[in-house]
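[1] okay, predicted coordinates and the sequence, questions at the end:
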Amino acid sequence: MTMPFVVPRGPELEPATWPAYGLTTLTVVPLVWRRRAPLAVLLAVIAASALYRLALEGPGQPLPYTGLVCLYTIAVLSPPWKRLAAGILVTVAVPVSVWLNTQSARELTFSLFVFGAAYAFGRLTDARQRAHRVDAERAAARERARIAREMHDILSHAVSLMIVQAEAGPVAVRAAPERAEAAFDAISATGRDAMVQLRRMLGVLREDASGPAAPRAPQPDLADLPALLERVRSGGLSVGYATEGGVRALPAATGASVYRIVQEALTNVVKHARARTVDVRLAHADGVLRVTVTDDGRGPQGGPGGHGLVGIRERAAAHGGTARTGPGPDGRGFEVRVLLPVRTEGER
């Protein structure tokens, strides 16, 4: 149908009446609700089209675009039983419509093809959307695991050091009061540092735009290792630190992972090893960073376990590296060995 107000109809064509335009409009308006009730909208469109063809005998016929849109929407949003009902309805309605219009096999074949294509595109869209949802859920699960691992490392390290300092406090009060004061200062400093790191991490999770802005700060990296080692020394453990190949600037994610690996290894030493000394070594060579944490404690038979070593392996694997644990040199103590392929900031 053409709009007579824009393009006048020829004298040989049947006149376009307002009832005809009204029914044509009724085949389009229901699309507003197609996402809420797609099957009901399809029924309404078919009913309006049939009424137009059977009751008015208006010029031409309404184009089937609205039916295609309805069938596509049903294929995307509806459960199987509604899709089956829509398929049966279209399979019946299309041949009837063609028979009432031209009775042409060519038109029937074309109509079935375009409706089938609309349904197929709808199912492809649904599959793509479900794949995107799965990817989003997996990404969310990975992020939850990362946050849980970070919180475990922060809390486990801080609580372990605070327990060691608190246990040493009563003895120091009796034997050396000045050491007791240092122990309490170390407990306070460790607690404050843990709170800062937790606020930094949990602040990222706050998405309330109406509230105050979440505090943001870089994740710890290699530059923060000396302060970490000093806190461990304050508990009475002798900690050595050495680097080979020079200290180089690493990508932020790699630097943070190295910090957390060393932190978790030292936490395990404090909690489980009963060691007197521990050595931390970082070696850069041929695009590989080797991180080694070795103690002189009880060794693997009484060594660390649980989530700590799992977290170290996961962090190494996330950067394409490996993590191995076992007895230290000459079978004494416990050693954590991590190899990370790295690219420094200058090699980007």
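    Noted; the coordinates are in hand.

[2] show the average pLDDT along stretch 250-264.
    Per-residue pLDDT over stretch 250-264 has a mean of 86.

[3] and that stretch, what's buried?
    For stretch 250-264, a neighbour-count test (16 or more other C-beta atoms under 10 Å) marks 250, 254-264 as buried. For the C-beta atoms, the positions are set from N, CA and C on the backbone; glycine is no exception.

[4] ok, now stretch 142-159?
    Neighbour counts over stretch 142-159 (16+ other C-beta under 10 Å) mark 149-150, 152-154, 156-159 as buried.

[5] ok so, going back, of the buried residues of stretch 250-264, closest to Arg281?
    Distance to Arg281, by C-beta to C-beta, is smallest for Val262 among the buried residues of stretch 250-264, at 10.1 Å.

[6] what is the neighbour count of Ala285?
    Per other C-beta atoms under 10 Å, the neighbour tally for Ala285 reads 9.

[7] hey, where'd the strands end up in the chain?
    Secondary structure of the chain by DSSP state E: the strands cover 238-244, 277-285, 288-295, 322-327, 334-341.

[8] would you format the ones you listed as CSV with mean pLDDT and distance to Pro95 included?
    Listed next are the strands of the chain as CSV, based on pLDDT from 0 to 100; distance: least, C-beta to C-beta, whole Å:
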stretch, mean pLDDT, distance to Pro95
strand 238-244, 90, 80
strand 277-285, 90, 75
strand 288-295, 92, 70
strand 322-327, 89, 65
strand 334-341, 92, 64
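
[9] and of those, who's closest to Ala105?
    Counting by C-beta to C-beta, Ala105 lies closest to strand 334-341 out of those; the figure is 65.3 Å.

[10] hang on, the earlier thing: need the buried residues of stretch 250-264 in TSV with distance to Val164, can you?
    Below are the buried residues of stretch 250-264 laid out as TSV (distance: C-beta to C-beta, whole Å):
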residue	distance to Val164
Leu250	30
Thr254	30
Gly255	27
Ala256	25
Ser257	25
Val258	24
Tyr259	20
Arg260	20
Ile261	21
Val262	17
Gln263	15
Glu264	16
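
[11] where's Ala273 relative to Val98, distance?
    83 Å (C-beta to C-beta, to the nearest Å).
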